[in-house]
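# what follows is a predicted protein model with its sequence.
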Protein chains: 2
Amino acid sequence: MAGGDELKLLGTWPSPFVARVEIALRLKGLSYEYVEQDLTNKSELLLSSNPVHKKVPVLIHNGKAISESPVILQYVDEAFGGASLLSADPYERAVARFWAAYIDDELITAWVPTILCKTEEEKAEAIKKTLAAMERLEGALKDSSKGKPFFGGETVGLVDVVLGGLNSWMKATEELIGVKIFDPAKTPLLAAWVEHFDELDAVRDVSPDVDGVIKYAKMRQLEAAAGASEN
Amino acid sequence: MAGGDELKLLGTWPSPFVARVEIALRLKGLSYEYVEQDLTNKSELLLSSNPVHKKVPVLIHNGKAISESPVILQYVDEAFGGASLLSADPYERAVARFWAAYIDDELITAWVPTILCKTEEEKAEAIKKTLAAMERLEGALKDSSKGKPFFGGETVGLVDVVLGGLNSWMKATEELIGVKIFDPAKTPLLAAWVEHFDELDAVRDVSPDVDGVIKYAKMRQLEAAAGASEN
């Protein structure tokens, strides 16, 4: 990082969206100050930095705030040197952006109700859709990696970081619902990928602890159940 | 365009997502073959080009297919020369990507039920949210344009194209619901912007005809009402 650059990241520890930004910052070898946020009592800094969505993550670079993890990841990639998250080839960049959006729009939408659902039918449907999305991503990994370990090929790319930020949550979900999401039988490449990815130095220290995520998810499930019983 | 490049765009005439791609192609001065799609009877070409979402727009460049309008716009910007849709400055690029995502995630989500809604309460709430989103975008235009006509400043940028693809639908909506969306009193900069933007050569010929959109929307409203009465 150039001398004098100041990077501050507003986050919450269980957020997969914050995890992906931390992974990107570490892959770039950047130093940053992490500031944990209390979303039940939002700080003036969070509200003034992200007045539109009032959410984490927010990256503040020399006083300028950037919000929304897909936007932050591309900012980090473009504003700083080091290994790039995106290929120089426009078509490969487009393919990576397509799958990054797929993870946010399809996989996450399918996955959330596997652990936060009102009925068993809703849960079964959510599990089915999540596993279908993982099979799609298995195909994407096969095509993008060209026999190398990552979506980015030999090195970690945008899709690796976007999906990898979710790894702790996916592992926690496997425990919570008793279903293999990284299933070596159905998605062997992704099952190998998650092992490789989670062993990276840039990932190990910032991925939320799986047991902690399980406890947090159970708390959220209890809150949701209490909320539902009040209706 | 380099000799031998072949560009084919799969679209449907009323789609604002297709309109934004056509605008970007024309801003770049690119020739392309437009192929209208029947979404009630999807073509083999559409299904094989976009097997994941099976939606338009799809841009096929020398046989390689790219889907999802935000991905296509950045591809067009990066693969071809000419005026760039994004600034060279990483922070300005991030700001543009933030507002482009805001239009898709917030404005469009708020706007759709202004014309396709089940109850008057739902419609009133949708109108309120749409106008609030327009006020946010007024602020974004003020900050981004720095006194020039466009979000991109003196020239059209990513946010102009993403929002501008919706202009015919927004004008049609004003007629359909009797509410000013580009309101000179509440959002004077956007009211001036829509006039400037829609007069551009790259826009005039490809924006869906407003009267045609009104007829199409009324047909969709009738279909939705018929569907609802069958339930």
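Received the coordinates, thanks.
# longest helix of chain A, counting residues only.
helix A:120-145 (DSSP state H).
# and the next helix or strand past that one?
Toward the C-terminus, helix A:120-145 is succeeded by helix A:158-164 as the next helix or strand (DSSP states H and E).
# middle-most residue in chain A, spatially?
Computing the C-alpha centroid of chain A and ranking residues by Cα atoms, centre = their mean puts residue A:165 first, at 2.9 Å.
# ok, back up a step: so which elements touch the longest helix of chain A?
Counting by 3 or more Cβ pairs under 8 Å, 6 or more residues apart in numbering or on different chains; DSSP states H and E, the packing neighbours recorded for helix A:120-145 are helix A:90-102, helix A:108-115, helix A:158-164, helix A:188-198. To be clear about C-beta, it is placed using only N, CA and C from the backbone, and glycine gets the same treatment.
# and those helices, which is most packed in?
helix A:158-164 (a mean of 27; mean count of other Cβ atoms under 10 Å in any protein chain shown).
# so residue A:42 makes contact with residue A:54?
Yes - counting by Cβ atoms under 8 Å, residue A:42 sits close enough to residue A:54 to count as a contact (6.1 Å).
# just to revisit the earlier point, ok, the residue nearest to the centre of chain A - contacts?
Contacts for residue A:165 (Cβ atoms under 8 Å, 6 or more residues apart in numbering or on different chains) come out as A:16-21, A:23, A:69, A:207.
# ramachandran angles for it?
Backbone geometry at residue A:165, expressed as degrees, to the nearest 10, gives phi -60, psi -20.
# element containing the residue nearest to it when sequence neighbours are not counted?
Closest residue in space to residue A:165, ignoring its immediate chain neighbours: residue A:20 at 3.1 Å, by Cβ to Cβ, 6 or more residues apart in numbering or on different chains. Take DSSP H and E as the rule and residue A:20 turns out to sit in helix A:16-27.
# ok, residue A:87 next?
When elements are defined using DSSP H and E, residue A:87 is found to belong to no helix and no strand.
# next, find the distance separating the residue nearest to residue A:165 from chain B.
15 Å (Cβ to the nearest Cβ, to the nearest Å).
# about what we covered before: which one of the helices and strands packed on helix A:120-145 lies closest to chain B?
Counting by Cβ to the nearest Cβ, chain B lies closest to helix A:90-102 out of the helices and strands packed on helix A:120-145; the figure is 4.0 Å.
# for the nearest residue to residue A:116 once chain neighbours are set aside, give me the pLDDT.
Distance criterion Cβ to Cβ, 6+ apart; nearest residue to residue A:116, sequence neighbours excluded, is residue A:224 at 5.6 Å. In this prediction, residue A:224 carries a pLDDT score of 88.
# can you put the contacts of residue A:165 in JSON lines and add neighbour count and pLDDT?
What follows is the contacts of residue A:165, written out as JSON lines (neighbours: other Cβ atoms under 10 Å in any protein chain shown; pLDDT from 0 to 100):
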{"residue": "A:16", "neighbour count": "20", "pLDDT": "97"}
{"residue": "A:17", "neighbour count": "21", "pLDDT": "98"}
{"residue": "A:18", "neighbour count": "27", "pLDDT": "98"}
{"residue": "A:19", "neighbour count": "25", "pLDDT": "98"}
{"residue": "A:20", "neighbour count": "26", "pLDDT": "98"}
{"residue": "A:21", "neighbour count": "28", "pLDDT": "98"}
{"residue": "A:23", "neighbour count": "25", "pLDDT": "98"}
{"residue": "A:69", "neighbour count": "26", "pLDDT": "98"}
{"residue": "A:207", "neighbour count": "23", "pLDDT": "92"}
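# picking up where we left off before, just confirm the residue nearest to residue A:116 is within a helix.
Yes - applying DSSP: H, G, I helix; E, B strand; the rest coil, one finds residue A:224 inside a helix.
# let's have the helices and strands packed on helix A:120-145 in CSV, adding distance to residue B:64 and mean pLDDT.
CSV is the format used below for the helices and strands packed on helix A:120-145 (distance: least, Cβ to Cβ, whole Å; pLDDT from 0 to 100):
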stretch, distance to residue B:64, mean pLDDT
helix A:90-102, 6, 98
helix A:108-115, 27, 97
helix A:158-164, 18, 98
helix A:188-198, 23, 98
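# how about those helices in JSON lines, adding distance to chain B?
As requested, those are exported to JSON lines (distance: least, Cβ to the nearest Cβ, whole Å):
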{"stretch": "helix A:90-102", "distance to chain B": "4"}
{"stretch": "helix A:108-115", "distance to chain B": "13"}
{"stretch": "helix A:158-164", "distance to chain B": "12"}
{"stretch": "helix A:188-198", "distance to chain B": "16"}
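# residue A:10 is in what secondary structure piece?
Secondary-structure assignment from DSSP H and E places residue A:10 in strand A:7-11.
# how about low-confidence regions in chain A?
Across chain A, residues meeting the criterion (pLDDT under 70) sit at A:1-3, A:228-231.
# using the record's assignment, carve it into domains.
In terms of domains, chain A is parsed into A:7-79, A:90-214 (source: the TED database).
# among the ones you listed, which is nearest residue B:11?
For the domains of chain A, proximity to residue B:11 was assessed by Cβ to Cβ; domain A:90-214 is nearest, at 17.5 Å.
# residues of whichever helix or strand comes after the helix holding residue A:20 that come out buried?
Once the chain leaves helix A:16-27, the next helix or strand it forms, by DSSP H and E, is strand A:33-36. Using 16 or more other Cβ atoms under 10 Å in any protein chain shown as the test for burial, strand A:33-36 gives residue A:34.
# what packs against the next helix or strand after strand A:33-36?
Next helix or strand after strand A:33-36 toward the C-terminus (DSSP H and E): helix A:44-49. Using 3+ Cβ pairs under 8 Å, 6+ apart as the contact criterion, the secondary-structure elements in contact with helix A:44-49 are strand A:7-11, strand A:58-61.
# next, the buried residues of helix A:44-49.
For helix A:44-49, the neighbour count (16+ other Cβ under 10 Å) marks A:46, A:49 as buried.
# give me the distance from that helix to the chain's centre.
Chain-centre distance of helix A:44-49: 22 Å, with Cα atoms, centre = their mean, to the nearest Å.
# other residues contacting that helix?
A:10, A:35, A:37, A:54, A:56, A:58, A:60, A:65, A:67.
# then stretch A:210-217?
For stretch A:210-217, the external contacting residues (Cβ under 8 Å, 6+ apart) are A:13-14, A:115, A:168-169, A:171-173, A:175-176.
# nearest to residue B:148, of the domains of chain A?
When the domains of chain A are ranked by proximity to residue B:148, the top entry is domain A:7-79, at 20.7 Å, counting by Cβ to Cβ.
# still on that earlier bit, and the strand holding residue A:10, what's buried?
Residues A:7-11 are the ones in strand A:7-11 that count as buried (16+ other Cβ under 10 Å).
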